[in-house]
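> the sequence isn't on hand, but the structure is:
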């Protein structure tokens, strides 16, 4: 919800898929696929609850992400550092469809910040 507000997309329906991975090293990572934004966020999450509404958006927005329109290539060579193979991205999207938690965020008006929030 915070990401959508920060990017001023809260007046439309948005769809997200949340998928968690645990690597053999016990490191965990969440993938957040935003359909309308055509982006996969590689999110480590947060250890503490932020005090400000906008801090949630900052944690996801500042996470590494894959722009599905610009950062995906068919083959490995030549491959820039910020590109991903289509087969790997499609694998993540298939994992989301099979195992992820699907969210639909309907249009909404964000809360108005009051003097008490500062």
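Ah, there it is. Computed from a prediction, not measured in an experiment: that's the story for all the values here. Numbering: from 1, shown residues only.
> could you measure residue 12 against residue 107, distance?
Residue 12 sits 6 Å away from residue 107, going by CB to CB, to the nearest Å. Every C-beta, even on glycine, is put in place using the N, C-alpha and C of the backbone.
> meant to ask about residue 1, not that
Taking CB to CB, one finds residue 1 at 11 Å from residue 107.
> look at these two and report which has more neighbours.
residue 1 (15 against 11; other CB atoms under 10 Å).
> residues in contact with the more buried one?
10, 56, 105, 108, 110 (CB atoms under 8 Å, 6 or more residues apart in numbering).
> Serialize these to CSV and add fields for secondary structure, pLDDT and distance to residue 16.
Formatted as CSV, those follow (DSSP: H, G, I helix; E, B strand; the rest coil; pLDDT from 0 to 100; distance: CB to CB, whole Å):
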residue, secondary structure, pLDDT, distance to residue 16
10, coil, 92, 13
56, helix, 54, 13
105, strand, 93, 7
108, coil, 92, 14
110, coil, 86, 17
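> quick check: the two most widely separated of the residues you listed?
With CB to CB as the measure, no two of those lie farther apart than 56 and 108, at 14.7 Å.
> give the other helices and strands that the helix ranked longest in the chain contacts.
Looking across the chain with DSSP state H, the single longest helix is helix 86-99. For helix 86-99, the packing partners by 3 or more CB pairs under 8 Å, 6 or more residues apart in numbering; DSSP states H and E come out as strand 14-22, strand 28-34, strand 39-43, strand 72-73.
> distance check, residue 97 against residue 17.
7 Å.
> tell me which of the two has more neighbours.
More neighbours surround residue 17 than the other of residue 97 and residue 17, with 20 against 12 (other CB under 10 Å).
> okay but the more buried one is in contact with residue 103, surely?
Yes - Residue 17 is in contact with residue 103 according to CB atoms under 8 Å; the separation is 7.4 Å.
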